[in-house]
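> Dropping a prediction and its sequence here:
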Amino acid sequence: MDDYEKLLNEAYNKIKKPETSGERFEIPKVEGHFEGKKTILTNFFQIADYLRRNPEHFQKFLLRELATSGQPDGDRMILNNNIPSSKINQKIEQYVKEFVLCRECGKPDTELIKEDRFSFIHCLACGAKHSVRQKI
């Protein structure tokens, strides 16, 4: 029996450990560039799709939080100000905490449900239902 445990420990030590933190959900970083006084977000709709949220809802939140105007243009979003990507990424993280992650289990497997005038986050993983604090 000692030989078996010795071989098992040896095999376990040879296995490569994953280099990731173990989280399967990573908040995507915005990609884009400046054109004059405008900021062009090239992966805006990919981020909305990854978060499984309505692009219009996501757009309203970002435009309000960044205090700018903007409009979709094909598969990209045009913001009418020069805004650094660090500030946009910070607002995306804020959006994820408020409208995507479950407050009970912390998983991103949620959906937004509107009942009467109120919006709720319904978690598909644990079944929890929480009201959304902010109104868009």
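Okay, I see it.
> A125 is in what secondary structure piece?
For A125, there is no enclosing helix or strand under DSSP states H and E.
> how close does the nearest residue to F120 once chain neighbours are set aside get to S86?
Excluding the flanking residues, the one nearest F120 by CB to CB, 6 or more residues apart in numbering is I113, at 4.8 Å. Where you see a C-beta, it was placed from the backbone N, CA and C, and this is true even at glycine. To S86, I113 is 32 Å away according to CB to CB, to the nearest Å.
> what does the domain assignment say about the chain?
What automatic domain parsing lists as the domains of the chain is 25-100, 102-136.
> Pass me the low-pLDDT residue ranges in the chain, would you?
Along the chain, the model assigns pLDDT under 70 to residues 16-24, 135.
> Pull out the buried residues from stretch 81-96.
For stretch 81-96, a neighbour-count test (16 or more other CB atoms under 10 Å) marks I83, I88, K91, I92, Y95, V96 as buried.
> and the fifth one, what does it touch?
This points to Y95. Shown in contact with Y95 (CB atoms under 8 Å, 6 or more residues apart in numbering): L51, F58, F61, L62, E65.
> can you redo those as JSON lines with neighbour count?
Shown next, in JSON lines, are these (neighbours: other CB atoms under 10 Å):
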{"residue": "L51", "neighbour count": "22"}
{"residue": "F58", "neighbour count": "22"}
{"residue": "F61", "neighbour count": "19"}
{"residue": "L62", "neighbour count": "24"}
{"residue": "E65", "neighbour count": "17"}
